[in-house]
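Trainee: just need the structure, nothing else, for what follows:
(2 chains)
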Amino acid sequence: MRPRPAPPHPLWLRPVAAAGERGLQVWSATAGVGRLSWQILRRLLPPRMDARELLRNLYTVGVKSFPIILVTALFVGAIMVIQAGLYVQQYGAEGLLGWGAGFATLREVSPLLIALMFNGRVGAKNTAELGTMKVTEQIDALRALAIDPIDYLVMPRFIAMVFMMSLLVVVGDATALIGGAFTSQLLLGVDMRIFFQSLIDYVALEDFTLGVYKAATFGVAIGITSCHFGLAVSGGAVGVGKAVNNAVVAGAISIFLLNYLVTYLIP
Amino acid sequence: MNATPATTPRRIALGRRPVAALGALCGAVGQPLVLAGSVAADIARVATLCGIYLIRGPRRWREVLYQCLRMGNHSVVFVIWVAASLGMTLVYQSGLQAQRIIGDLSLLGPLYLQLLLREFGPTITALMVATRVGTGIAAEIGSMQVTEQIDALRMSGAHPVAYLIVPRLLAGVLTMLCLTCVSVLVSWVAGLITAQVAFGVSPYTFASLSFIIYGDLILMLLKATAYGLAIPIVAGASGLAAHGGSEGVGWATTQSVVACSLVVLFLDFILSGFGYLFLLR
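Mentor: Alright, predicted model coming up:
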């Protein structure tokens, strides 16, 4: 691309120009994500993808991010118990500790924070991978071999992310509750059995399933945004770095938006 | 780029399968541990150097201000968006629950503000800054490292930590303090509007400051300062550890998001425990 001369805008117009440019970028990203979602949806019925690729992606997406998710979940459980413990101590209601911490963890904090970690670990890596393939023209090479890049590259990643995100949240919930139980025993001096008893008494199955629904939605969002930003890279290694940054931000934005929508729509 | 699964040599796979399985297990457990150890050592080294150069290094306030401007400009819209949607979700969620169990929503506002100050305001802001600014720092310093600009800096007598990371660290603290205040304010207003629209709680009832003590504010500022110190150090350490071309930069960037977020959660745990034991009794 030829270097453009400096824009001839007068000083007072520059903020307008910058805002317009930013708006166009946001619009093109939204449109691209929408287009990719449609393409993925069309390939889901009937599902067609490369089974061997799918297995490989399930391994790299799920098994490789297992330790990080476990550590995150441990901290999440501990932090939520400390926060709930402040109120429990104020009112002397030790029997409600498990309810307060467990409810918030299962419904809200654990899916959200695990999704943010997943976005940083898996989403960013996926964008970097696809972006490197794009700038080294490997994706064009696939097209030249009459292999559809969406069938071969995007679909297995998308399915793996949605599936593994839901599974990882189940494991993460369990780990967070165990971390919370240990924190309540060691730091707050509330017996673990009281913690688990109030968890069993007050937390309903819907709280857990809402968390899993949320996780699956977050998986969809992370999969689509990271693949879109990876495939839309242009401009060499610098472009890949920028795309990774944008993908992570777009992933986080859509995670928070979907979090609100799912909370609102599923009572 | 793709880490291939560890394969056991074909020779021993048949006769000594338990041994091979044990080896694979040790590898699977040990590899992340070794990686985490080396990253932690990097972070500790950069943090020590930062401490030394903060005390007896050159002060470059102009550069600090420039970094503040960049970090703030890059993340303020993002932080506002996230804070607003988080505020709406939390108030809606806890309002539903309070309506069902207690039936009284007059405590919703004060308790929400308290939780926002103690926990969600600083931590969620820090996680967002870690994704937005942390990746930027890691990508920038990482690409300087792989294009040997860091070596050039060393040759001209400027230590990369003093020249690149210390200004970002000071800027990070200032920016995190400002962004945390903005995000708490935005979440609170979003929660106030949600409570009014969804549950009909009057803004005057919601906007009560009766539960807030100085400990809450101190804990919030303490957390924001700690995160502002930690994010540039961790991201800078990941950037300096980059090697091997553009793939190395990608690796450093990914690595920095994860390391920054984990460090933020870890500090949150430590500081919440500290607040529980000493500040908020």
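Trainee: what about residue B:243, is that helix, strand or coil?
Mentor: Assigned with DSSP: H, G, I helix; E, B strand; the rest coil, residue B:243 falls in the coil class.
Trainee: which residues does it contact?
Mentor: Residue B:243 makes contact with B:145-146 under the criterion Cβ atoms under 8 Å, 6 or more residues apart in numbering or on different chains. Backbone N, C-alpha and C define where each C-beta goes, glycine included.
Trainee: if you set the cut-off to 10 Å instead, what comes out?
Mentor: B:142, B:145-146, B:249, B:251-252 (Cβ atoms under 10 Å, 6 or more residues apart in numbering or on different chains).
Trainee: please apply the same query to residue A:242.
Mentor: Listed by Cβ under 10 Å, 6+ apart, the contact set of residue A:242 reads A:131, A:229, A:233-235, B:135-136, B:139.
Trainee: and residue B:129, how many neighbours does it have?
Mentor: Burial measure for residue B:129: 29 neighbouring residues, criterion other Cβ atoms under 10 Å in any protein chain shown.
Trainee: can you show me the helices along the chain?
Mentor: No chain was given, so I picked chain A. Secondary structure of chain A by DSSP state H: the helices cover A:14-44, A:51-58, A:66-91, A:97-104, A:110-118, A:124-135, A:138-144, A:149, A:155-183, A:192-202, A:205-231, A:236-265.
Trainee: not what I meant, chain B
Mentor: Assigned by DSSP H, chain B shows helices spanning B:10-15, B:17-56, B:61-101, B:108-115, B:121-129, B:135-146, B:149-155, B:160, B:166-194, B:203-206, B:214-240, B:245-274.
Trainee: adding distance to residue B:214 and mean pLDDT, write the helices of chain A out as CSV.
Mentor: As requested, the helices of chain A are arranged in CSV below (distance: least, Cβ to Cβ, whole Å; pLDDT from 0 to 100):
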stretch, distance to residue B:214, mean pLDDT
helix A:14-44, 40, 87
helix A:51-58, 51, 86
helix A:66-91, 15, 87
helix A:97-104, 24, 84
helix A:110-118, 28, 92
helix A:124-135, 39, 88
helix A:138-144, 57, 90
helix A:149, 58, 85
helix A:155-183, 25, 92
helix A:192-202, 30, 85
helix A:205-231, 34, 91
helix A:236-265, 30, 87
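Trainee: distance to residue B:227 for those helices - can I get that in JSON lines?
Mentor: As requested, those are exported to JSON lines (distance: least, Cβ to Cβ, whole Å):
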{"stretch": "helix A:14-44", "distance to residue B:227": "27"}
{"stretch": "helix A:51-58", "distance to residue B:227": "33"}
{"stretch": "helix A:66-91", "distance to residue B:227": "14"}
{"stretch": "helix A:97-104", "distance to residue B:227": "21"}
{"stretch": "helix A:110-118", "distance to residue B:227": "14"}
{"stretch": "helix A:124-135", "distance to residue B:227": "20"}
{"stretch": "helix A:138-144", "distance to residue B:227": "38"}
{"stretch": "helix A:149", "distance to residue B:227": "39"}
{"stretch": "helix A:155-183", "distance to residue B:227": "21"}
{"stretch": "helix A:192-202", "distance to residue B:227": "29"}
{"stretch": "helix A:205-231", "distance to residue B:227": "23"}
{"stretch": "helix A:236-265", "distance to residue B:227": "16"}
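Trainee: buried deepest among these, which one?
Mentor: helix A:110-118 (a mean of 27; mean count of other Cβ atoms under 10 Å in any protein chain shown).
Trainee: does that helix come close to chain B?
Mentor: Yes - applying Cβ under 10 Å from any Cβ of the partner chain, one finds that helix A:110-118 is in contact with chain B at A:112-113, A:116-117.
Trainee: got the angle for that helix vs helix A:97-104?
Mentor: Comparing the axes of helix A:110-118 and helix A:97-104 via axes from the mean of the first three to the mean of the last three Cα atoms, to 10 degrees yields an angle of 50 degrees.
Trainee: with just CA atoms, put helix A:110-118 into CSV.
Mentor: Presented in CSV, the C-alpha positions along helix A:110-118 are these (Å, rounded to 0.1, in the frame of the first residue of the first chain):
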residue,chain,number,x,y,z
SER,A,110,-17.0,-18.3,37.9
PRO,A,111,-18.3,-18.4,34.3
LEU,A,112,-17.3,-14.7,33.8
LEU,A,113,-13.7,-15.0,35.1
ILE,A,114,-13.1,-18.4,33.5
ALA,A,115,-14.4,-17.0,30.2
LEU,A,116,-12.0,-14.0,30.5
MET,A,117,-9.1,-16.4,31.1
PHE,A,118,-10.2,-18.6,28.3
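Trainee: how far does it sit from its chain's centre?
Mentor: Here helix A:110-118 is found 6 Å from its chain centre; the criterion is Cα atoms, centre = their mean, to the nearest Å.
Trainee: what packs against it?
Mentor: Other helices and strands packing on helix A:110-118, by 3 or more Cβ pairs under 10 Å, 6 or more residues apart in numbering or on different chains; DSSP states H and E, are helix A:66-91, helix A:155-183, helix A:205-231, helix A:236-265, helix B:121-129, helix B:245-274.
Trainee: contacting residues around the nearest residue to residue A:200 once chain neighbours are set aside?
Mentor: Closest residue to residue A:200 in three dimensions, ignoring its sequence neighbours and counting by Cβ to Cβ, 6 or more residues apart in numbering or on different chains: residue A:98, at 7.9 Å. When contacts are counted by Cβ under 10 Å, 6+ apart, residue A:98 touches A:81, A:84, A:88, A:177, A:180-181, A:184, A:190, A:192-203.
Trainee: over to residue B:153?
Mentor: B:144, B:159-160, B:162-164.
Trainee: now residue A:44
Mentor: Taking Cβ under 10 Å, 6+ apart as the definition, contacts of residue A:44 comprise A:155, A:158-159.
Trainee: now for residue 36: which residues touch it?
Mentor: If you meant another chain, say so; for now it's chain A. Residue A:36 makes contact with A:150, A:154, A:158, A:223-225, A:227-229, A:231-232, according to Cβ under 10 Å, 6+ apart.
Trainee: should've been chain B
Mentor: The contact partners of residue B:36, by Cβ under 10 Å, 6+ apart, come to A:67-68, A:71, B:259, B:262.
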